[in-house]
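A.B. asks: return atomic coordinates for the entry below.
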Amino acid sequence: MRSDKIKKGIERAPHRALLHATGLSRRDLSRPFIGVATSFTDLIPGHIGMRDLERFIERGICYGGGVPFFFGVPGICDGIAMGHLGMCYPLPSREIIADTIETVANAHQLDGLVLLTNCDKITPGMLMGVARLNIPAIVVTAGPMLSGRYKQRKLAFVHDTYEALARTKKGEISGEELSCLEMEACPGAGSCQGLYTANTMACITETLGMSLPGCATALAVSAKKRRIAQDSGTKICELVRKNIRPLDIINKRSLKNAIVVDMALGGSSNTVLHLMAIAHEAGADLDLEVFDKISKKTPHITNLEPSGTHFMEDLEYAGGIPAVLKRLRGKLNNTLSVSGQKTLEIASAAEIFDQDVIRPFTKAYHKQGSLAVLFGNLAPCGAVVKQSAVSSRMMHFKGKAKVFNREEEAMKAILGRKIKSGDVVVIRYEGPAGGPGMREMLAPTAAIVGLGLADSVALITDGRFSGGTKGPCIGHVSPEAKSGGPIAILKDGDIIEIDIPNRKLSVRLNKYDIDKRLRNALLLPPKIKTGYLSRYSKLVSSADKGAILT
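C.D. replies: Numbers count the residues shown, from 1 in each chain. I've put the predicted structure just below:
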């Protein structure tokens, strides 16, 4: 065992003394040491129920013959961080989380890891860490939140808070109703109820094979989630004994499975960043064009919030990810999972309980998958759009640029009713380096939807979008403005052309004019000059590379 390096031999007497000081017996020293990386915090709804799950993971590890050691991992709630300086931190925190996993596990020579996670950047950060370490590991995602209720109507976080805010500004709903919605939209523990980034990453993690079947959609408040937590604790001891490691599971074939499921579900565009970062740590080659190729061949077969009408609880009761795998089995590679089963075994054993929630290909909501990758003179290295959330009339769009160098400036203009039909809102200097941290533009996109402009206004940014995005909102524009990408030289009134079916994003300028503007461009200085974000901005790669630290 790896842990023998800190507990065996006469020269390790001082180490054993410290271990005995924690309460360990001599017998415990013969058992595998299992780290439980927990992102419990009182700050995040998706994580407040983790104390309960920690008990069941601990019980499972003890049943399996291991010794559990808990350590903390930082967590940020993207929703609370949204719309201000705080949103500069979630994506950079992904790297801190990966580094924390590596640091604690290697410093103490742990034999295996259980990763208790749930929200947006925490799950990919943990996966990056264990891919880098390559020691036995299993992931427990804490589960989705139940839908809220107001006057017998199901509520979801984005639709009934961010979009409702804009509808209040428009006079469609009262301040009193908005107050009721904010009390009822999020009724308790769990990740937000739709296919936002947290739940998309949970589904991807299960598809990759890094969590037990059924884990992704098992609700946060359910006994089923407790049982999965306990079983995961027992299973990690088996994985250690058999020396089954993350890189036996995470490889290009399983990553492609994850992309297939992502495209079929209609997941968050953030998964592009995260899967490329995980692939980088796993030594697997993955680029933007792989996502687009898979999307073109994968029907969109679910209709989940925020762009659809179903909730994560509906997907759970329809059979969860095993049922999705069953529907997609002809498009999947037969790869290994932590359960010991292979992907096609899990698919074959599953049952689809609701044919509308998980539709057959002949009744797919869209013929192609959820994401499209666009290229053109405005995005030479690519840009990403959630095409499944775009109406048919906006798949081709031409409009005049309204340019902003900060999200707050754009929000002021949108809520001030200064954005009109036919405009293309451009928010730049929000990329990985320029933001820094590549802030999510959920507030502007939700405001546009709430004001009834989703079918007449587009938004492009070198920042990113939440899984809550609706409408023609194009993110990850690369190269970003801070790196001197063409988005940096746009001016108010420039004509921008969006052609999603043909994967084009262009500004109506010839090459001579673009080159001239680039030569004369005065790039903005760094927004933050001290602390972690300053260091991050100097080291982070472009969005088309996964925004990894280099």
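A.B. asks: from here on, just use CA atoms for contacts and neighbour counts.
C.D. replies: Will do.
A.B. asks: which ones are touching Phe397?
C.D. replies: Phe397 makes contact with Ala458, Glu497, Ile498, Asp499, according to Cα atoms under 8 Å, 6 or more residues apart in numbering.
A.B. asks: quick one: which of those residues has the most company?
C.D. replies: Ranked by neighbour count (other Cα atoms under 10 Å), those have Ala458 at the top, with 27 neighbours.
A.B. asks: just give the number of residues close to Met210.
C.D. replies: Neighbour tally, Met210, other Cα under 10 Å: 25.
A.B. asks: whoops, Pro14 was the one
C.D. replies: Other residues lying near Pro14 total 12 when counted by other Cα under 10 Å.
A.B. asks: name the element it belongs to?
C.D. replies: Using DSSP states H and E, Pro14 maps to helix 13-21.
A.B. asks: in that helix, what's buried?
C.D. replies: Buried residues in helix 13-21, counted by 16 or more other Cα atoms under 10 Å: Arg16, Leu19.
A.B. asks: quick check: mean pLDDT of that helix?
C.D. replies: Helix 13-21 carries an average pLDDT of 97.
A.B. asks: and that helix, what does it pack against?
C.D. replies: helix 4-7 (3 or more Cα pairs under 8 Å, 6 or more residues apart in numbering; DSSP states H and E).
A.B. asks: helices of the stretch 1-150 of the chain, residue ranges please.
C.D. replies: 4-7, 13-21, 50-64, 78-81, 90-107, 122-133 (DSSP state H, counting those that start in this stretch).
A.B. asks: next one: the stretch 301-450 of the chain
C.D. replies: Using DSSP H, counting those that start in this stretch, helices in the stretch 301-450 of the chain cover 312-317, 320-328, 343-349, 407-415, 442-450.
A.B. asks: CA atoms of the shortest one as PDB?
C.D. replies: In this case it means helix 312-317. Output in PDB follows, covering the C-alpha atoms of helix 312-317 (Å, rounded to 0.1, in the frame of the first residue of the first chain):
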ATOM      1  CA  MET A 312     -33.600  16.700 -12.600                       C
ATOM      2  CA  GLU A 313     -36.200  15.000 -10.500                       C
ATOM      3  CA  ASP A 314     -38.000  14.000 -13.700                       C
ATOM      4  CA  LEU A 315     -34.800  12.500 -15.100                       C
ATOM      5  CA  GLU A 316     -34.300  10.600 -11.900                       C
ATOM      6  CA  TYR A 317     -37.700   9.100 -12.000                       C
END
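A.B. asks: can you pull up the most central residue in the protein?
C.D. replies: Here the mean C-alpha position of the chain is nearest to the C-alpha of Thr197 (Cα atoms, centre = their mean), at a distance of 3.5 Å.
A.B. asks: from His274, how far off is that one?
C.D. replies: To His274, Thr197 is 10 Å away according to Cα to Cα, to the nearest Å.
A.B. asks: same check on Leu247?
C.D. replies: Taken as Cα to Cα, the span from Leu247 to His274 is 17 Å.
A.B. asks: can you check Lys293 too?
C.D. replies: 18 Å.
A.B. asks: what of His20?
C.D. replies: Going from His20 to His274 by Cα to Cα gives 40 Å.
A.B. asks: show me the contact partners of stretch 431-443.
C.D. replies: Here stretch 431-443 makes contact (Cα under 8 Å, 6+ apart) with 82-83, 87-92, 162, 407, 411, 429-430, 461-466, 468-469, 476, 480-483, 526-528, 533-534, 536-538, 540-543, 547.
A.B. asks: and if you look at stretch 62-78?
C.D. replies: Contacts of stretch 62-78 (Cα under 8 Å, 6+ apart): 28, 31-41, 43-44, 58, 61, 87, 90, 93, 97, 100-101, 119-120, 122, 233-238.
A.B. asks: could you pull out the buried residues of it?
C.D. replies: Those would be 62-68, 72-73, 75-78, for stretch 62-78 by 16+ other Cα under 10 Å.
A.B. asks: farthest pair in these?
C.D. replies: Greatest spatial distance among these (Cα to Cα): Gly65 and Asp78, at 37.2 Å.
A.B. asks: hmm, Ser268 is touching Tyr196, no?
C.D. replies: Yes. With contacts counted by Cα atoms under 8 Å, Ser268 reaches Tyr196, the gap being 5.6 Å.
A.B. asks: so where's this structure shaky on pLDDT?
C.D. replies: 467-468 (pLDDT under 70).
A.B. asks: how about the strands in it?
C.D. replies: Listed in chain order, the strands of the chain (DSSP state E) span 33-38, 67-72, 112-117, 137-141, 148-150, 153-155, 371-376, 379-386, 396-404, 423-427, 458-461, 473-478, 495-499, 504-507.
A.B. asks: quick check: the residue nearest to the centre of the chain touching Val272?
C.D. replies: No. With contacts defined as Cα under 8 Å, Thr197 does not count as touching Val272, sitting 10.7 Å away.
A.B. asks: ok, so of the buried residues of stretch 62-78, who is nearest Thr362?
C.D. replies: Asp78 (36.4 Å).
A.B. asks: any idea how far that closest one lies from Gly493?
C.D. replies: For Asp78, the distance to Gly493 - Cα to Cα - is 33 Å.
A.B. asks: just Arg327 next, same as before
C.D. replies: 46 Å.
A.B. asks: related to what we said a few turns ago, any chance of the helices of the stretch 301-450 of the chain in CSV, plus distance to Gly369?
C.D. replies: CSV is the format used below for the helices of the stretch 301-450 of the chain (distance: least, Cα to Cα, whole Å):
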stretch, distance to Gly369
helix 312-317, 18
helix 320-328, 12
helix 343-349, 20
helix 407-415, 28
helix 442-450, 21
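A.B. asks: so what touches the helix ranked longest in the chain?
C.D. replies: In the chain, assigned by DSSP state H, the helix with the most residues is helix 223-242. Helix 223-242 is contacted by residues 32, 34, 52-54, 56-66, 111-114, 136-140, 142-143, 211-212, 215, 218-219, 245, 338-339 when judged by Cα under 8 Å, 6+ apart.
A.B. asks: now, of those residues, which are buried?
C.D. replies: 32, 34, 53-54, 56-66, 111-114, 136-140, 142-143, 211-212, 215, 218-219, 245, 338-339.
A.B. asks: returning to that earlier point: now the helices of the stretch 1-150 of the chain as TSV including distance to Glu176?
C.D. replies: Shown next, in TSV, are these (distance: least, Cα to Cα, whole Å):
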stretch	distance to Glu176
helix 4-7	61
helix 13-21	57
helix 50-64	33
helix 78-81	22
helix 90-107	32
helix 122-133	35
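A.B. asks: quick one: which of these is nearest Pro187?
C.D. replies: Closest among the helices of the stretch 1-150 of the chain, using Cα to Cα: helix 78-81, at 15.0 Å.
A.B. asks: neighbours of Gly153, how many?
C.D. replies: Not quite, residue 153 is Arg, not Gly. 9.
A.B. asks: okay, and the beta partners of it?
C.D. replies: Counting by DSSP bridges, Arg153 forms beta bridges with Tyr150.
A.B. asks: tell me how far it lies from Glu184.
C.D. replies: From Arg153 to Glu184 the distance is 11 Å (Cα to Cα).
A.B. asks: same check, this time on His47
C.D. replies: 19 Å.
A.B. asks: quick one, which of the two is more surrounded?
C.D. replies: Set His47 next to Glu184 and count neighbours by other Cα under 10 Å: His47 wins out with 28 against 20.
A.B. asks: was I right about that one contacting Thr117?
C.D. replies: Yes. Between His47 and Thr117 there is a contact under Cα under 8 Å: 7.4 Å.
A.B. asks: mutual contacts of these two, please.
C.D. replies: Shared contacts of His47 and Thr117, counting by Cα under 8 Å, 6+ apart, come down to Ser39, Phe40, Ala142.
A.B. asks: how much space between the first one and Ala218?
C.D. replies: So that's Ser39. Distance of Ser39 to Ala218, computed by Cα to Cα: 18 Å.
A.B. asks: next one: Glu316
C.D. replies: The value you get for Glu316 to Ala218, if Cα to Cα is used, is 6 Å.
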